[in-house]
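Novice: quick one, structure for this:
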Amino acid sequence: MAKLQPRGRKVKILATLGPASRDPEMLRRLLKAGADAFRLNLSHGEHADHLGSIHAIRALEKEFNRPIAILADLQGPKLRVGSFAEGKAVIAHGQPFAFDRDPTPGNGERVELPHPELFEVLEKGRLLLINDGKIRLRVRKATSERIETIAEVGGVISDRKGVNVPDTEVPIPALTEKDRRDLAFAIQHGADWIGLSFVQRPEDLIEARRLMGGRGALCAKIEKPQAVNRLDEIIDLSDGVMVARGDLGVELNPEEVPPLQKKIVNAARLAGKPVIVATQMLESMIESPAPTRAEVSDVANAVYDGCDAVMLSAETAAGQWPEEAVDMMARIARQIERDEAYRMRVRLVGTKPDATTADALAHSCMTIADTVPIEAIVVFTSSGSTARRVTRERPAVPVMVLTPTISTARRVALLWGAHPVPTRDIGSFEEMIAKGKRMALRHGYGGPGSKLVMVAGVPFGAPGATNLLHVVTLSGNELEQHAKS
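Specialist: Got it, this is the predicted structure:
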């Protein structure tokens, strides 16, 4: 069985697959370079392409004996203009431009907007952004049939370009018919996480939950200003969140995004939910083998903030240097985590434990690891909730998560500092100690005299019963026995 080198970092790397990376050999190289999880962007590609990627990832899982998380990212309700008589048109600066419900191909004065919902909610003074914000139009008058605007920033507009309405909540469901088909496909084929795009309100998560039927974990993508207004409610209803800076950066002023990123990361961490920072992290590496200094600082900033994972998008999906992009992100993360100030920085968010035994024990794990030389924290869990609690505290040592459930192991693979290991359940205290020691040695945590913290629940195998913490010391005899086995 092939072996992966120890990652030497706690933050995880989520790599998006696409034409540049879905080949099984490239996937293998990305995993070895440092990818911990893979994203399937269901906005692009056919189901057959994504199914091939899923099979290749699961084959790598077996080859390297390491659980790998798969995040299936739904497209969401993307708003787009209609078509133009010549394929494109020019909207002049300061000139009027109208949207209507007439499917006749457009020109430099008007175009169809095939979204009746917008005609009901747009009002005078509201903003429309076209083509990732390159064109800015201000509403002068809106009726149920026509929206008249003035071009604050003009430019070339072409067929089916995207529309953003940053200051308006649009009454459309978060799941389109395409999303429903894609969600059914992803769940059927074992996706571990589902990314729900363009979440505006907590209610958007409810339908996705129902369709998932208890399978997989739900990641709310925060990319609309409206979602920020109800952030705590959205986090409460999700299993994790993504700071999706692409559309968020279009709908907000650029200077608003960095503090908002920190706000979302902090809120997710306080709630004990994993948080991913995504989009344009090493953008220049789509074409260049090296990033800019600003991009390196951007990744470093997310690592310092204590996010669970950083994501590569086009860099690995369509770029010329996918393996190098993953390697660079891993190198940045390792360097930052070696910084003496790192531990203090990731704990600036005061994750005060709730008044529960499980939270108190998770907090104690961090305190023990700070006080006594500890090699690793060993968590026994069936649902993954104990692992989330322990990693939320950002302990100074790795967290080895032993679980009898492969789906839990895969979901946990996105958690900061977690090293998931699928293994048979335990039935006694003695078995817990023996298995914890054996697995720690097998996965490279410790030697003679090393200490481990073990966390579990009694009765064993009962979800939600975390009530046991025990510190053990590895002996030379155990190391010898492991070497012989």
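Novice: nearest spatial neighbour of residue 357, skipping sequence neighbours?
Specialist: In space, and not counting its chain neighbours, residue 357 is closest to residue 467: 5.2 Å by C-beta to C-beta, 6 or more residues apart in numbering. (C-beta placed from N, C-alpha, C; glycine too.)
Novice: so the one you found makes contact with residue 360?
Specialist: No: using C-beta atoms under 8 Å, residue 467 is not in contact with residue 360; the gap is 9.7 Å.
Novice: hang on, the earlier thing: and the gap between the residue nearest to residue 357 and residue 198?
Specialist: Using C-beta to C-beta, to the nearest Å, residue 467 is found at 41 Å from residue 198.
Novice: out of those two, which sits in the busier spot?
Specialist: Shown here are residue 467 and residue 198; by other C-beta atoms under 10 Å, residue 198 has more neighbours (26 against 14).
Novice: please, which helix or strand holds that one?
Specialist: Using DSSP states H and E, residue 198 sits in no helix or strand.
Novice: next one: the one 10 residues further on
Specialist: Counting by DSSP H and E, the secondary-structure element that holds residue 208 is helix 204-212.
Novice: which of the residues in that helix are buried?
Specialist: 204-205, 207-208, 212 (16 or more other C-beta atoms under 10 Å).
Novice: summarise which helices and strands it is packed against.
Specialist: Where contact means 3 or more C-beta pairs under 8 Å, 6 or more residues apart in numbering; DSSP states H and E, helix 204-212 is packed against helix 177-188, strand 193-196, strand 217-222, helix 231-237.
Novice: try it again at 7 Å.
Specialist: Applying 3 or more C-beta pairs under 7 Å, 6 or more residues apart in numbering; DSSP states H and E, one finds that helix 204-212 contacts helix 177-188, strand 193-196, strand 217-222.
Novice: what residue ranges in the stretch 351-485 of the chain are flagged as low confidence?
Specialist: Within the stretch 351-485 of the chain, the ranges that satisfy pLDDT under 70 run 464, 476-485.
Novice: same thing but at 50, please
Specialist: Residue ranges of the stretch 351-485 of the chain with pLDDT under 50: none are present.
Novice: quick one: the strands in it, in order.
Specialist: For the stretch 351-485 of the chain, the strands defined by DSSP state E, counting those that start in this stretch cover 374-380, 399-403, 418-422, 451-457, 466-473.
Novice: dump those into TSV; add distance to residue 253 as well.
Specialist: Below are those laid out as TSV (distance: least, C-beta to C-beta, whole Å):
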stretch	distance to residue 253
strand 374-380	42
strand 399-403	38
strand 418-422	36
strand 451-457	44
strand 466-473	44
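Novice: figure out which of those is closest to residue 23.
Specialist: strand 418-422 (25.9 Å; C-beta to C-beta).
Novice: quick one, what contacts the residue lying closest to residue 370 once chain neighbours are set aside?
Specialist: Leaving aside its sequence neighbours, residue 370 sits nearest to residue 396 (C-beta to C-beta, 6+ apart; 6.0 Å). Applying C-beta atoms under 7 Å, 6 or more residues apart in numbering to residue 396 gives the contacts 343, 369-370.
Novice: do the same with residue 405
Specialist: residue 382 are the contacts of residue 405 under C-beta under 7 Å, 6+ apart.
Novice: against residue 177, how distant is it?
Specialist: The gap separating residue 405 from residue 177 is 32 Å, by C-beta to C-beta.
Novice: flag the shaky bits of the stretch 101-250 of the chain, pLDDT-wise.
Specialist: In the stretch 101-250 of the chain (pLDDT under 50), no residue qualifies.
Novice: partner residues bridging residue 220?
Specialist: residue 196, residue 241 (DSSP bridges).
Novice: assess the claim that it and residue 238 are in contact.
Specialist: Yes: at 4.0 Å, residue 220 counts as touching residue 238 under the criterion of C-beta atoms under 7 Å.
Novice: so for the two, which residue has more residues nearby?
Specialist: Per other C-beta under 10 Å, whichever of residue 220 and residue 238 has more neighbours is residue 220, with 28 against 25.
Novice: contacting residues around residue 473?
Specialist: Contacts of residue 473 (C-beta under 7 Å, 6+ apart): 449, 451.
Novice: ok, what's across the strand from it?
Specialist: residue 451.
Novice: list the buried residues in stretch 248-267.
Specialist: In stretch 248-267, counting by 16+ other C-beta under 10 Å, buried: 248-252, 257, 260-262, 264-267.
Novice: quick one: which of those is nearest residue 228?
Specialist: For the buried residues of stretch 248-267, the nearest to residue 228 is residue 260 (6.4 Å; C-beta to C-beta).
Novice: skipping adjacent residues, who's closest to residue 77 in space?
Specialist: Among residues not flanking residue 77 along the chain, residue 172 sits closest, at 4.9 Å (C-beta to C-beta, 6+ apart).
Novice: quick one: that neighbour and residue 120 touch, right?
Specialist: No: at 10.6 Å, residue 172 does not count as touching residue 120 under the criterion of C-beta under 7 Å.
Novice: settle it for me: which of the two has more neighbours?
Specialist: Between residue 172 and residue 120, counted using other C-beta under 10 Å, the more crowded position is residue 172 (18 against 11).
Novice: rewinding a little: got a markdown table for the buried residues of stretch 248-267, with secondary structure too?
Specialist: Putting the buried residues of stretch 248-267 into a markdown table (DSSP: H, G, I helix; E, B strand; the rest coil) gives the following:
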| residue | secondary structure |
| --- | --- |
| 248 | helix |
| 249 | helix |
| 250 | helix |
| 251 | helix |
| 252 | coil |
| 257 | helix |
| 260 | helix |
| 261 | helix |
| 262 | helix |
| 264 | helix |
| 265 | helix |
| 266 | helix |
| 267 | helix |
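Novice: how about these, which pair is most distant?
Specialist: Top of the distance list for the buried residues of stretch 248-267 (C-beta to C-beta): 250 and 266, 23.1 Å.
Novice: now tell me what touches stretch 299-310 from outside.
Specialist: Residues contacting stretch 299-310 (C-beta under 7 Å, 6+ apart): 11-14, 37, 262, 265, 269, 274-277, 281-282, 329, 332-333, 336-337, 342, 345-346, 349, 394, 414-416.
Novice: inside helices: which ones of the residues you listed?
Specialist: Of the contacts of stretch 299-310, the ones assigned to helices by DSSP state H are 262, 265, 269, 329, 332-333, 336-337, 342, 345-346.
Novice: count the neighbours of the closest residue to residue 388 other than its chain neighbours for me.
Specialist: The spatial neighbour of residue 388 that comes closest, neighbours along the chain excluded (C-beta to C-beta, 6+ apart), is residue 272 at 5.3 Å. For residue 272, the neighbour count with other C-beta under 10 Å is 19.
Novice: my guess is residue 272 meets residue 387, correct?
Specialist: No: counting by C-beta under 7 Å, residue 387 is not a contact partner of residue 272; they are 10.3 Å apart.
Novice: got the domain boundaries for this protein?
Specialist: Split into domains by automatic domain parsing, the chain comes to 12-76+173-342, 88-164, 357-484.
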